[in-house]
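[1] sequence first, predicted model second:
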Amino acid sequence: RRLSEGKEAVRRTAAAFLGATPEEIVLTRNTSEANNIVSSGLDLGAADEVVIFGDNHPTNHRAWTDKADRFGFTVRIVDQVNPHPGGEYYLDAFVRASNARTKLWAFTHVTNSVGDLFPVKEMCDAARARGILTLVDGAQTFGVLDLDMAALGADFYSGSGHKWPCGPRETGVLYVRKDAQPRL
């Protein structure tokens, strides 16, 4: 009983920290588990496509490519460009890589390799205008950036508490936007 009460208190705290409601927060072990909940929870088949960023964390990248092999959907990859060409470049690249079959964009908020910052709000707005879901890997943003899920507009946003917030290991969060929940 006390553990359950404690979990709910953590969900409320995480929701307040992220500008979300407790019903939109799933407690996970880490960002990788949160990303896998999304890649495993969406109904994707041979007629579907997912566009991912080439420098996503390997656990996010492989989750999509392995599941595409298993379930027959297509993964399109937007390659990383160095030096960072700016957010507008990546927004345009994701739009160009998409078509009527595209169901989701999976990209990172801040890359774990070189710290490139993506224009999350603009990318989420562009995806939503096309009927495309978004999964944002926020592992490198928790505790560094002020995050407001309602303002960012992501359908799914993952993160870990053990990095910049300096929390214990095995503390992850998955935000699932209320109107995206039926799709997962």
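    Yep, it's here.
[2] what is the longest helix of this structure by residue count?
    Longest helix of the chain, by residue count under DSSP state H: helix 2-18.
[3] tell me the buried residues in that helix?
    Val10, Arg11, Ala14, Ala15, Phe17, Leu18 (16 or more other C-beta atoms under 10 Å). From N, CA and C alone the C-beta is placed, and that goes for glycine too.
[4] once you drop chain neighbours, what's closest to the first one?
    In this structure, Val10 finds its nearest non-sequential neighbour in Leu27, 6.3 Å apart by C-beta to C-beta, 6 or more residues apart in numbering.
[5] in three-state terms, label the one you found for me.
    On the three-state scheme (DSSP: H, G, I helix; E, B strand; the rest coil), Leu27 is labelled strand.
[6] please save the CA atoms from the longest strand along the chain in PDB.
    The residue-count maximum for a strand in the chain (DSSP state E) belongs to strand 102-108. In PDB, the C-alpha atoms belonging to strand 102-108 read as follows (Å, rounded to 0.1, in the frame of the first residue of the first chain):
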ATOM      1  CA  THR A 102       4.200   7.900 -42.200                       C
ATOM      2  CA  LYS A 103       2.700   7.200 -38.700                       C
ATOM      3  CA  LEU A 104       5.500   8.500 -36.400                       C
ATOM      4  CA  TRP A 105       8.600  10.600 -36.100                       C
ATOM      5  CA  ALA A 106      11.100   9.400 -33.500                       C
ATOM      6  CA  PHE A 107      13.900  11.900 -32.700                       C
ATOM      7  CA  THR A 108      15.900  13.200 -29.800                       C
END
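[7] let me see the mean pLDDT of it.
    Averaged across strand 102-108, the pLDDT comes to 97.
[8] next one: stretch 40-58
    Average pLDDT, stretch 40-58: 93.
[9] ends of that stretch, what's the gap?
    Start and end residues of stretch 40-58 are separated by 16 Å (C-alpha to C-alpha, to the nearest Å).
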